[in-house]
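Asks: predicted model and sequence below, questions to follow.
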Amino acid sequence: MTDRPLVVITGASSGIGAATARAFSAAGHPLLLIARRLEPMRALGLPDAELAAVDVTDTTAVAEAIARAEERFGPVDLLVNNAGLMALSPVAEADPALVREQFEVNCVALVNNSRLVLPGMQDRRHGTIVNIGSIAGKQLYSDHTVYNGTKYAVHAMTEGMRRENAAHGVRVLLIAPGMVNTALLSNTDDGAVLEGYLEYKDSIGGGLRPEDIADAILGAYRLPQHISHREIVVAPTSQDA
Ligand code: NDP
């Protein structure tokens, strides 16, 4: 049993979330891992980890999972709001259900789940929330209109949450990755859009590894509580857009 504080990671069944789970586990933290698919989280085989097969938009189920994990490991000191999806297409061809889902998962769940841990962090005057934005929260890309909208919102809300929590001694910071080699494209089925994206990704060497983003999160978290990075943009050196 570890004496380090509890870390909660959403979207831990794949890509950046799974790599972040491995990194924090290696650093000795107990974990609460949240995603809809249980099996890939189980396959990580990490010690001191509560696994919750929960949809992040189900705030009640997330709250129950956090309560269970806190009972076992003590209060949450870090929440990584990483769960997200990207469905690329021009708006004229967008699937309305996916438009809604991108905002629900990328934005609404991020706020509602932060709300679950912030009061405790404020009371303890200790804690960190890391929101995973994107370089697509800083500039527009073709066929990214809805995803761009969600990530611009994440960036704005992270800065708002940061200001609200500054006087409480609680850190809220943004990690904005460039291209990372994960399953994020799995919700894009427009052939031409997919082809253009993959062509560019190949041309810059395939993108960063999820572990590269996990290292950035761990590095920011490890700073003393009174130092906050506020925003880290981390992209492949060869990415020019
Ligand atoms: P992946 O597709 O590999 O991982 C996405 C994760 O989100 C999965 O674990 C998935 O789990 C989880 N997830 C999606 N919807 C839900 C939901 N409703 N409830 C719970 N979990 C959910 O992609 P990445 O690792 O790339 O994405 C992680 C984050 O990084 C996202 O916020 C993405 O926008 C951001 N990002 C990614 C970049 C990239 O190039 N890859 C660049 C910039 C930002 P499950 O399906 O099991 O629920």
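Replies: Arrived safely.
Asks: now do the biggest helix by length in the chain, average pLDDT.
Replies: In the chain, with assignment by DSSP state H, the single longest helix is helix 145-166. Helix 145-166 shows a mean pLDDT of 98.
Asks: next one: stretch 199-209
Replies: Per-residue scores along stretch 199-209 average to 96.
Asks: now do stretch 122-133
Replies: Per-residue pLDDT over stretch 122-133 has a mean of 98.
Asks: from the middle of its chain, how far away would that stretch be?
Replies: In terms of CA atoms, centre = their mean, to the nearest Å, the centre of stretch 122-133 is found 13 Å from the chain centre.
Asks: what's the answer for stretch 111-122, then?
Replies: Relative to the mean C-alpha coordinate of its chain, stretch 111-122 is positioned 15 Å out (CA atoms, centre = their mean).
Asks: again with stretch 156-165
Replies: Chain-centre distance of stretch 156-165: 16 Å, with CA atoms, centre = their mean.
Asks: ok, stretch 15-25 next?
Replies: Computed by CA atoms, centre = their mean, the chain-centroid distance of stretch 15-25 equals 11 Å.
Asks: before we move on, what about stretch 61-70?
Replies: The mean C-alpha position of stretch 61-70 is separated from the chain mean by 18 Å, CA atoms, centre = their mean.
Asks: which residue lies farthest from the center of this protein?
Replies: Going by CA atoms, centre = their mean, the residue of the chain most distant from its centre is residue 92, 28.2 Å out.
Asks: list the buried residues for the longest helix of the chain?
Replies: Under the neighbour-count criterion of 16 or more other CB atoms under 10 Å, helix 145-166 has 146-155, 157-159, 161-162, 165 buried. C-beta here means a position set from N, CA and C on the backbone, and glycine is covered the same way.
Asks: what residues does that helix touch?
Replies: 84, 86-88, 90-91, 94, 98-99, 102-103, 106-107, 110-111, 114, 118, 121-122, 129, 131-134, 136-138, 140-141, 171-174, 176, 228, 230-231 (CB atoms under 8 Å, 6 or more residues apart in numbering).
Asks: show me these that map onto helices.
Replies: Per DSSP H, those map to helices at 98, 99, 102, 103, 110, 111, 114, 118, 121, 122.
Asks: give me the number of residues near the nearest residue in space to the last one that is not next to it in sequence?
Replies: So that's residue 122. Of all residues not flanking residue 122 in the chain, residue 168 sits nearest, at 4.1 Å (CB to CB, 6 or more residues apart in numbering). Residue 168 sits with 16 neighbouring residues when counted by other CB atoms under 10 Å.
Asks: residues in contact with residue 168?
Replies: So residue 168 contacts 121, 122, 125 (CB under 8 Å, 6+ apart).
Asks: of the ones in helices among the contacts of helix 145-166, which is the most crowded?
Replies: In the ones in helices among the contacts of helix 145-166, the most neighbours by other CB under 10 Å go to residue 110, 28 neighbours.
Asks: now do the contacts for that one.
Replies: So residue 110 contacts 81, 131, 154, 157 (CB under 8 Å, 6+ apart).
Asks: next, the buried residues of the lowest-mean-pLDDT helix or strand in the chain.
Replies: Ranked by mean pLDDT, DSSP states H and E, the weakest helix or strand in the chain is helix 191-203, scoring a mean of 93. Across helix 191-203, burial judged by 16+ other CB under 10 Å covers 193, 197, 201.
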